[in-house]
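**Q** Turn this into a model:
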Amino acid sequence: MSPASVRDLRVYANSFGAELYHYQDYKNQEFDAVIELPDKRWCGIEIKLGAHQIDGAAENLLRINSAISKSKGNPASCMVVVCGLGNAAYKRPDGVFVVQITILLKKRTTFGVKPKMSTGRCLYPKRRMAPGRVPETIF
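**A** Prediction:
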């Protein structure tokens, strides 16, 4: 997980009033990132560089979320694999979303929360993006 990815996710989460955390339990299971909304819904995120790591990341998200549910914890509202490379965003049959960090930043998908209006300079300069669509509402 790169510091740039974490920075981008933090700015992204803060743009609609959410917080970014890291999750690790006593069994050393972890999510690379967790976005928590003010109403306590949350999204588990795995950050991977290449498309060949998507299946393993999705399995990790599902396994940990299942363990959280079994222990009567609050399960994730959604699970997302953010990858650096690829040309499409999609929802897998197991319910895990796969998106590229550039698409999140371009679309400003807000997981069902209206983004705060910001004043001042643009946080994300325009970049050439890979073609792709991300669902407008994930939560």
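**Q** For the rest of this, base every contact and every neighbour count on C-alpha atoms.
**A** OK.
**Q** Would you mind listing the residues in contact with His22?
**A** Glu30, Phe31, Asp32, Ala33, Val34 (CA atoms under 8 Å, 6 or more residues apart in numbering).
**Q** Hmm, Gly50 and Val82 touching each other?
**A** No. Using CA atoms under 8 Å, Val82 is not in contact with Gly50; the gap is 9.6 Å.
**Q** Please report phi then psi for Val99.
**A** The phi/psi pair for Val99 (degrees, to the nearest 10) reads phi -140, psi 160.
**Q** what is the mean pLDDT for the longest helix seen in the chain?
**A** In the chain, with assignment by DSSP state H, the single longest helix is helix 54-70. Taken as a whole, helix 54-70 carries a mean pLDDT of 94.
**Q** now that helix, how far from the centre of its chain.
**A** 14 Å (CA atoms, centre = their mean, to the nearest Å).
**Q** what are the ranges of the helices in the protein?
**A** Taking DSSP H as the criterion, the chain carries its helices at 3-14, 54-70, 101-107.
**Q** and the shortest one, what's its mean pLDDT?
**A** Throughout helix 101-107, pLDDT has a mean value of 65.
**Q** Endpoint to endpoint, stretch 63-80 covers what distance?
**A** 13 Å (CA to CA, to the nearest Å).
**Q** Now do the buried residues in it.
**A** Ile64, Asn65, Pro75, Ala76, Cys78, Met79, Val80 (16 or more other CA atoms under 10 Å).
**Q** so who does the closest residue to the fifth one other than its chain neighbours touch?
**A** The shortest distance from Cys78 to any residue that is not its chain neighbour, by CA to CA, 6 or more residues apart in numbering, is 4.9 Å, and that residue is Cys43. Neighbouring residues of Cys43 by CA under 8 Å, 6+ apart: Val34, Ile35, Glu36, Ala76, Ser77, Cys78, Met79, Val80, Phe139.
**Q** do that again at 6 Å, thanks
**A** Neighbouring residues of Cys43 by CA atoms under 6 Å, 6 or more residues apart in numbering: Val34, Ile35, Ala76, Ser77, Cys78, Met79.
**Q** can you pull the contacts of the second one?
**A** Yep, that's Ile35 we're talking about. Contact partners of Ile35, counting by CA under 6 Å, 6+ apart, are Glu19, Leu20, Trp42, Cys43.
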